[in-house]
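sequence? don't have it. structure:
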């Protein structure tokens with residue numbers, strides 16, 4: 001990770017938790033919020049959005065990355081850290097699709113992208129390489 005950019009984990013976690021309050025989860029009531037820290041220091045947030053046609057639902061992590069792309073942060077450098085929050089007593093991790101999306105925006109350095117996920121009132125930290133070993137990415141093409 002860039003030595004000049006150390007995540008403020010408390011602020012990133014709070015941003016994810018606050019975002020979750022705006023999630024659209026009328027079917028599962030499982031509200032998820034995500035906050036993505038970009039290498040330029042900017043943070044973008046996202047929420048899960050459910051749909052009655054279940055495959056059309058979208059995850060919070062994907063929305064947070066898309067918000068960063070829209071704001072131009074992705075063009076300035078890769079994702080550095082991610083916080084994901086949901087009101088759950090079981091361990092929370094991004095789904096496989098979200099792991100792949102994060103892989104796409106990590107600039108080929110998944111070991112440098114740290115994720116912190118809520119677990120009850122606790123947070124667990126992993127890096128993207130642990131969650132998606134031997135990932136398929138631009139280097140695979």
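That came through, no problem. Given the structure is predicted, the values throughout are model-derived calculations rather than measurements.

so where's this protein shaky on pLDDT?
Along the chain, the parts satisfying pLDDT under 70 run over 1-5.

can you show me the strands along it?
Using DSSP state E, the strands of the chain run over residues 32-38, 43-47, 79-86, 114-119, 122-127.

out of the ones you listed, which comes closest to residue 141?
Nearest of the strands of the chain to residue 141, taken as CB to CB: strand 79-86 at 19.7 Å. From N, CA and C alone the C-beta is placed, and that goes for glycine too.

grab the most central residue of the protein for me.
For the chain, the residue nearest the mean C-alpha position is residue 61 (3.8 Å; CA atoms, centre = their mean).

excluding chain neighbours, what is closest to that residue?
residue 98 (3.9 Å; CB to CB, 6 or more residues apart in numbering).

over to residue 113?
Nearest one to residue 113, counting by CB to CB, 6+ apart, is residue 128 at 4.1 Å.

tell me who's in contact with the one you found.
Shown in contact with residue 128 (CB atoms under 8 Å, 6 or more residues apart in numbering): 99, 102, 103, 106, 110, 111, 113, 114, 115, 135.

tabulate these (TSV), appending neighbour count and distance to residue 65.
Converted to TSV, those look like this (neighbours: other CB atoms under 10 Å; distance: CB to CB, whole Å):
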residue	neighbour count	distance to residue 65
99	17	11
102	26	7
103	20	11
106	22	11
110	21	14
111	11	19
113	25	11
114	20	15
115	25	13
135	18	15
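
quick one: which of the strands of the chain is nearest residue 13?
Of all these, it is strand 79-86 that lies closest to residue 13, at 4.7 Å by CB to CB.

sheet-wise, list the partners of the closest one with their directions.
strand 32-38 (antiparallel), strand 114-119 (parallel) (DSSP bridges).

on that earlier part again, what about the residue nearest to residue 61, how many neighbours?
Residue 98: 26 surrounding residues under other CB atoms under 10 Å.
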